[in-house]
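# Provided below are the primary sequence and the corresponding predicted coordinates.
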Amino acid sequence: MTTAPTLTVVLPVYNEEALLPELHRRLVAALGPLGLSYEVLYVDDGSSDRSLEVVTAVARDDPRVGVLALSRNFGHQMALTAGLDHARGDAVVLMDSDLQDPPELIPELVARWRDGLDVVYAQRRARPGESAFKRATAYIFYRFMRTLASVDIPADTGDFRLLSRPAADALRSLRERQRFLRGLVAWLGFRQGHVLYDRPPRPSGESKYSIRQMARLALFGLFSFSGLPIALVGFGGALVCGAAVVALAAGANAAHAGLFFLGGVQLLAVWVLGQYVSTTSDEARRRPLYLVRDAVNVKPRGPGAAS
């Protein structure tokens, strides 16, 4: 496409070979009736199956489809960032490629953007087909982040959202390495709204977000958007000191227990400080967020990208 489209849809891809044909069929069916120009940008995040071959074949037949192949697996948040860097639309939709973000919801996101919103996020109303454990951990994760973060991160929202061009450009300007896009979008401000939907079960395969990865993402968000951990360490230290004074005043001999407890608090403090130091160290290295190995119908020009 020689002119910039009205809408860009960015989809990170990691080992989704079986789902991609159905995903693209539904995506085209949802975008066609909108009556606006669009591009679809698949970002292959180092897939080990035939995912890259599938989307490349689609791109060869349709100039509205672009493919970015990253040099290795950089992770979901980096793949979204790569797509965002190369998106040319007046509005940009970020969504997953596992069909749990239904393409049929895009017209509702676009309608709210046309009403004047800069950020329209898809908020999950129900999660049918998921285990009780998955629903419980997701519930805890979102409430945990919303409670502790210094910005208002909407509950029950993933990365499925629409960004206006001003909001997309503002998000592109944030180049920190420990990326938690949901928090970064909340930090941006702008005019934000939501669309409710029932998240469908995954048609096949397994989720690429394990409990370990979810916990890692939560820690990224916590240390990037909250000063609470360091405040809790200070509060814990004050509590230990206060308890020691009370114990001495009461005549109790709690020296051994007090020493062990104080040692635990010190180790916790060292861990928390280490997390902040590690984050600062990552930012200071200034490595590229991702590297592009190959591209189809896309010029690899994003900040931090190398062809």
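In hand now; what should we look at?

# next structured bit after the helix or strand containing Glu108?
Secondary structure assigned from DSSP states H and E places Glu108 in helix 106-114. Using DSSP H and E, the helix or strand that follows helix 106-114 in sequence is strand 119-126.

# and the helix holding Glu108, what's buried?
Applying a neighbour-count criterion of 16 or more other C-beta atoms under 10 Å, one finds 106, 109-110, 112-113 buried in helix 106-114. Any C-beta I mention is one placed from the backbone N, CA and C, and that applies to glycine too.

# and the strands in the stretch 1-150 of the chain, which stretches?
Counting by DSSP state E, counting those that start in this stretch, the stretch 1-150 of the chain has strands at residues 7-13, 38-44, 65-70, 91-94, 119-126.

# nearest to Tyr290, of those?
Among these, the nearest to Tyr290 by C-beta to C-beta is strand 65-70 (5.4 Å).

# other SSEs contacting the closest one?
Applying 3 or more C-beta pairs under 8 Å, 6 or more residues apart in numbering; DSSP states H and E, we find strand 65-70 packed against strand 38-44, helix 51-61, helix 76-86, strand 292-296.

# show residues contacting that strand.
24, 39-46, 52, 55-56, 58-59, 78-79, 82-83, 86, 290-298, 300 (C-beta atoms under 8 Å, 6 or more residues apart in numbering).

# repeat the analysis, applying 7 Å as the threshold.
Contacts with strand 65-70, where a contact means C-beta atoms under 7 Å, 6 or more residues apart in numbering, come from 39-46, 52, 55-56, 58-59, 79, 82-83, 86, 290-298, 300.

# likewise stretch 154-173?
With contact meaning C-beta under 7 Å, 6+ apart, stretch 154-173 is reached by 80, 84-85, 87, 90-96, 101, 109-110, 113, 118-124, 142-143, 146, 181-182, 184-185, 188, 190, 194.

# got the end-to-end distance for that stretch?
With C-alpha to C-alpha, to the nearest Å applied, stretch 154-173 spans 22 Å between its terminal residues.

# about what we covered before: okay, the helices and strands packed on strand 65-70 in TSV with mean pLDDT and distance to Ala18 next?
Converted to TSV, those look like this (pLDDT from 0 to 100; distance: least, C-beta to C-beta, whole Å):
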stretch	mean pLDDT	distance to Ala18
strand 38-44	95	15
helix 51-61	94	9
helix 76-86	93	19
strand 292-296	90	21
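
# of those, flag the one that's most buried.
Ranked by mean neighbour count, these are led by strand 38-44 with a mean of 27 (mean count of other C-beta atoms under 10 Å).

# for the nearest residue to Leu52 once chain neighbours are set aside, give its distance to Leu117.
Closest residue to Leu52 apart from its sequence neighbours, by C-beta to C-beta, 6 or more residues apart in numbering: Asp44 at 4.4 Å. Asp44 sits at a distance of 30 Å from Leu117 (criterion: C-beta to C-beta, to the nearest Å).

# same question, Phe160
15 Å.

# which residue packs closest to Val58, ignoring adjacent ones?
The shortest distance from Val58 to any non-neighbouring residue, by C-beta to C-beta, 6+ apart, is to Val65 (5.2 Å).

# need the pLDDT of Leu181.
On pLDDT, Leu181 comes in at 84.

# where does pLDDT dip in the stretch 201-307 of the chain?
Low-confidence segments of the stretch 201-307 of the chain (pLDDT under 70): 202-265, 267-268, 271, 274-276, 278-279, 281-285, 299-307.

# what's near enough to touch the residue nearest to Leu31 when sequence neighbours are not counted?
Computed as C-beta to C-beta, 6+ apart, the closest residue to Leu31 that is not its neighbour in sequence is Tyr38, at 5.1 Å. For Tyr38, the contacting residues are 5-7, 9, 31, 64, by C-beta under 7 Å, 6+ apart.

# endpoints of stretch 97-108, how far apart?
By C-alpha to C-alpha, one end of stretch 97-108 lies 18 Å from the other end.

# can you check the pLDDT for Ala69?
Looking at Ala69, the pLDDT reads 94.

# find the nearest non-adjacent residue to it, please.
By the measure of C-beta to C-beta, 6+ apart, the closest residue to Ala69 outside its immediate chain neighbours is Asp294, 4.2 Å from it.

# in this structure Thr56 contacts Val296, no?
Yes: using C-beta atoms under 7 Å, Thr56 is in contact with Val296, at 5.6 Å.

# quick check: the spatially closest residue to Val119 that is not a sequence neighbour vs Tyr121, distance?
Spatially, and ignoring its direct neighbours in sequence, Val119 is nearest to Gln192 (4.2 Å; C-beta to C-beta, 6+ apart). Gln192 sits 7 Å away from Tyr121, taking C-beta to C-beta as the criterion.
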